[in-house]
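Student: Sharing a model that was predicted from the sequence below.
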Amino acid sequence: MKYRLASLRPVHGRLALKFLNWVIKQPNLELNHVTHIICTTTHILVRARMYNFAKTTLKHLLQLPIGLNSVFGALMETYPICNSNPAVFDLLIRVCLRNRMVGDAVQTFYLMGFRGLNPSVYTCNMVLGSLVKEQKVDMFWSFFKGMLAKGICPDVATFNILLNALCERGKFKNAGFLLRKMEESGVYPTAVTYNTLLNWYCKKGRYKAASQLIDCMASKGIGVDVCTYNVFIDNLCRDSRSAKGYLLLKRMRRNMVYPNEITYNTLISGFVREGKIEVATKVFDEMSLFNLLPNSITYNTLIAGHCTTGNIGEALRLMDVMVSHGLRPNEVTYGALLNGLYKNAEFGMVSSILERMRMGGVRVSHISYTAMIDGLCKNGMLEEAVQLLDDMLKVSVNPDVVTFSVLINGFFRVGKINNAKEIMCKMYKTGLVPNGILYSTLIYNYCKMGYLKEALNAYAVMNHSGHVADHFTCNVLVATFCRYGKLEEAEYFMNHMSRMGLDPNSVTFDCIINGYGNSGDALKAFSVFDKMNSLGHFPSLFTYGGLLKGLCIGGHINEALKFFHRLRCIPNAVDNVIFNTILTSTCRSGNLSDAIALINEMVTNDFLPDNFTYTNLIAGLCKKGKIVAALLLSGKAIEKGLLSPNPAVYTSLVDGLLKHGHARAALYIFEEMLNKDVEPDTVAFNVIIDQYSRKGKTSKVNDILSTMKSKNLCFNLATYNILLHGYAKRHAMARCFMLYKDMIRHGFLPDKFSWHSLILGYCQSKSFDVAIKILRWITLEGHVIDRFTFNMLITKFCERNEMKKAFELVKQMNQFMVIPNVDTYNALFNGLVRTSDFHKAHRVLQVLLESGSVPTNKQYITLINGMCRVGNIKGAMKLQDEMKTLGISSHNVAMSAIVRGLANSKKIENAIWVLDLMLEMQIIPTVATFTTLMHVYCKEANVAKALELRSIMEHCHVKLDVVAYNVLISGLCANGDIEAAFKLYEEMKQRDLWPNTSIYIVLIDSFCAGNYQIESEKLLRDIQDRELVSLNSYGGTKRLNELLIIYRKELIHLRSVLILGQFNLLRFVSSVKSSGGFLLVKSFLETLAQEIL
């Protein structure tokens, strides 16, 4: 059937639709039949001008599983049958666009072209507009070229879309060229064209060009109406240029264009947003002068502005004026007032405002409740905020996610995580689920408070709920990983971002680079930097700072200087921060001359040294011990205005003076800081507290704490840690526990130093079970225990011979990825040797070797002695071979250790067998080896054997030392051979060996027991010549035996003094070595040697 009528009426269309509805309900209908009938019906509807119904049928047609090509083919097949017109294909394109099928719309356009059909320019403009919205730039220009190729003449709307596309990409030069071409082709721009350009000029900040465009419009006779000016003024106000917007208002009036309410509302809103409430009020007054009546928007804007600035009285007055002019305050008005009252803690007026709302029939919305809850939270009234939430639910006002977010943020702000979790539960009970913003807020707060595990759980739930984390959220997690030294996890998370389709940005890389920089791992930092460059991210000053920091902290000062000089060749890559980073490292390394040269270079390159620069230099001088120079530099710099007095400078000076024992001078500097109105911060007080706490001056510490409280200075985490450590060292665990509770109450989370102090205190107090319980608890809470704390506990258990517990701790270390170091293995080794578990001790040495550290000579000799003691000669021999292989000591030292070990274990026969083996192998034993064997023989009264060993020593060209002579002389004296002993004494003197006090005492005892007058006189003369004993106090008595007894007493006293001095010396050397003062040790030893000699 062919429709030959010129046109159809709606009645025909309705009949066609009725027939279509009947057909599609028939069973066993094939898809091609359905397609055919729908296409036919569509053509009939188009001819009957029932376009909306035609669009509906086309939409159903597109939903059929046949594809666009089949749809277009079916429409073309029925096109001649129905004698249709091309409008049906225009409708098809528009239906595709409405259903966001832009690609299908473009494809339809090209399919029409193949059949010689062209859509209308209006339809083409719709396609172009959709392509611009979807940012399909290439397809946009391709489509436009296709239009021109098919002879579709663009109209003004087309050019407006093209201009909008060019301006959106910032191609204003091309837009100007297109505008000229538009005029040349006979299509004249309209006000819409110029307004489009004007809007984009303003959005891109090209206000001068926008002003010139208005002049151009006027010159071309295009009327610049109030809408054009409003667009310009609105953009200026949004860009915080309300003053320029007001000048434009004056220009409007000069050009006889009268502003309307929208113009004034825009300006008032702009001034309020910029905080210029007084100017906004003047504009409001001017509005009334020109017979323009303010509306609700005007009053609401001003009321909100006054509430923000805390001027609640004026806001209430404006509301009364609003009512007097016949305008009813609405929800926005009251919401602004309530928000202002709560933010400014004006809680007394809230009830009256709520009453006015009820009287005015204005319902308190969830937005107003949210504003009130936010105000309460910001004023610390969290319980009241929760009560208001409950009231809100009672009156059937449903809170939204924002309401709960405000409360959760409030609790997080004061560190009450459990309360925040309770609010989350309430939210779930109301049927709400967190949105992406709330998840991001939770993650941010958990990270800020150090709960990384909780943050990761929130992130996992966020992903599971279908919310995609943005760059900010992911970067917060990466930064937190880095802050806690979990750099490998940070890199893994960065790779996870890529797998999730969120490519890491430059901030992500900067966080990881800075993390490696802070840990001193420059190699890893540069590796991440290379990856960053390969992905096309540009480094910033922050990036370069992190790399430089890695070199400096890692101790690679020369490489840092080279990198710094390379940075100077890169434009804008160096600033004061970079200079100060390299300066800090230089000062810490003690290269003060280099630091001065660096400051000179800084000035040469037009970078003025700032407070941080001078503070660094002063801190470097203090650390180097040049306190006088630091004081002079700070004084001169402050006097010349180069350095403003700040707590950091004074803290460095006070710290330096206290460390070098100048307590009075330090207190004077501290008082000077107070007199100069430089309020000491908590760090400054921490320095003094730390020094007094280390010295055990509790009363001084308490005085300083009282001063801090009088100045309203709060403790920081470092203060708590210093006090915890001080109390722990003095075993004051009750005070430690009270301090710990106070620390938690003030919202401070313990760090590794806090836990270390607590565990140290319980270890010192012998409460090891409590120390272990604390360790287990903090590991269950997800805190990371450092190696130092583990080593302390392991050492304590090893000292108590509780090796099972010590090894359990080592296992726990490995579980937490804390790698044992030399101190760990040394503690285990000493404990195993103490418990005679030499096999395990040897295994510990092997593990130590595998970790890259070489065991000491002393450890192997200790182990050899132990094996010899239990009769494991074979094991001892293996150990000495191992020592030789590792190059720890020579072969003679290793085998000598075996001999000594056997001798000390009273296995003298075995010892002599090893000695003979050494001599057969032409390995010369050490003096100590011979001395040990001689000592054993002498104790067994077998002096002859001891003298035989002496002969072997001389045959091996091993010279006897003082200890060897002491052993032989003592053995001969004990055996009654006094003359032979005295001969050895004379031999010592001939060899320029000074006998020690023990030799003198043994000989005196022997001489007193017999008649040895000549030998006694010689001995007394030798003692007098060495000035070991003064006779003046004894009146020069000449009785020989009496003198010998007196000398004996004096020598015994001298020996006890020397032993005590040796003990104190060892303590002194240990303390000085720990601070690196080797030159001081050397000087002290030389002085002591001179005094002894």
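Tutor: In hand now; what should we look at? Numbers count the residues shown, from 1 in each chain.
Student: Sticking with the nearest residue to Y264 once chain neighbours are set aside, tell me its helix or strand.
Tutor: Nearest residue to Y264 in three dimensions, chain neighbours excluded: M287, at 4.5 Å (C-beta to C-beta, 6 or more residues apart in numbering). All C-beta atoms are positioned from the backbone trio N, CA, C, and that covers glycine. M287 is part of helix 277-289 when elements are defined by DSSP states H and E.
Student: Mind listing residues that contact that helix?
Tutor: For helix 277-289, contacts defined as C-beta atoms under 8 Å, 6 or more residues apart in numbering pick out 242, 246, 261, 264, 267-268, 271-272, 294, 298, 301-302, 305-306, 309, 311.
Student: Check stretch 864-878 too.
Tutor: Residues external to stretch 864-878 that are found in contact with it (C-beta under 8 Å, 6+ apart): 833, 836, 838, 841-842, 879-880, 894, 897-898, 900-902, 904-905, 907, 910, 914.
Student: Buried among those residues? Make that a PyMOL selection.
Tutor: Buried subset of the contacts of stretch 864-878, written as a PyMOL selection, criterion 16 or more other C-beta atoms under 10 Å:
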select buried, resi 833+838+841+842+879+880+894+897+898+900+901+902+905+907+910+914
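Student: Out of the contacts of stretch 864-878, which sit inside helices?
Tutor: Counting by DSSP state H, the contacts of stretch 864-878 place 833, 838, 841-842, 879-880, 894, 897-898, 900-902, 904, 910, 914 in helices.
Student: low pLDDT regions in the stretch 101-250 of the chain?
Tutor: Applying pLDDT under 70 to the predicted model, the residue ranges of the stretch 101-250 of the chain that meet it are 213, 218-221, 223.
Student: Next secondary structure element downstream of the host helix or strand of T56?
Tutor: Following DSSP H and E, one finds T56 within helix 51-63. Tracing the chain past helix 51-63, the next element assigned as helix or strand by DSSP H and E is helix 68-78.
Student: which parts of that next one are buried?
Tutor: In helix 68-78, residues buried by neighbour count (16+ other C-beta under 10 Å) are 68, 71-72, 74-76, 78.
Student: before we move on, back to that, dump the helix holding T56 to PDB, keeping only the CA atoms.
Tutor: Taking C-alpha atoms only, helix 51-63 is exported to PDB below (Å, rounded to 0.1, in the frame of the first residue of the first chain):
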ATOM      1  CA  TYR A  51       7.100  14.400  15.900                       C
ATOM      2  CA  ASN A  52       7.100  13.500  19.600                       C
ATOM      3  CA  PHE A  53       5.400  10.200  19.000                       C
ATOM      4  CA  ALA A  54       7.900   9.600  16.100                       C
ATOM      5  CA  LYS A  55      10.800  10.100  18.500                       C
ATOM      6  CA  THR A  56       9.300   7.500  20.900                       C
ATOM      7  CA  THR A  57       9.000   4.900  18.100                       C
ATOM      8  CA  LEU A  58      12.600   5.700  17.000                       C
ATOM      9  CA  LYS A  59      13.800   5.200  20.500                       C
ATOM     10  CA  HIS A  60      12.200   1.800  20.700                       C
ATOM     11  CA  LEU A  61      13.700   1.000  17.300                       C
ATOM     12  CA  LEU A  62      17.200   1.900  18.500                       C
ATOM     13  CA  GLN A  63      16.700  -0.400  21.500                       C
END
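Student: Any idea how far it is from the middle of the chain?
Tutor: Centroid separation between helix 51-63 and its chain, computed with C-alpha atoms, centre = their mean, to the nearest Å, is 58 Å.
Student: tell me what that helix is packed against?
Tutor: helix 10-23, helix 31-47, helix 68-78, helix 87-98 (3 or more C-beta pairs under 8 Å, 6 or more residues apart in numbering; DSSP states H and E).
Student: Quick check on N255: phi, psi?
Tutor: Main-chain torsions, N255, degrees, to the nearest 10: phi -90, psi 10.
Student: Pull the contacting residues for S644.
Tutor: Each residue near S644 by C-beta under 8 Å, 6+ apart is listed here: 611, 638.
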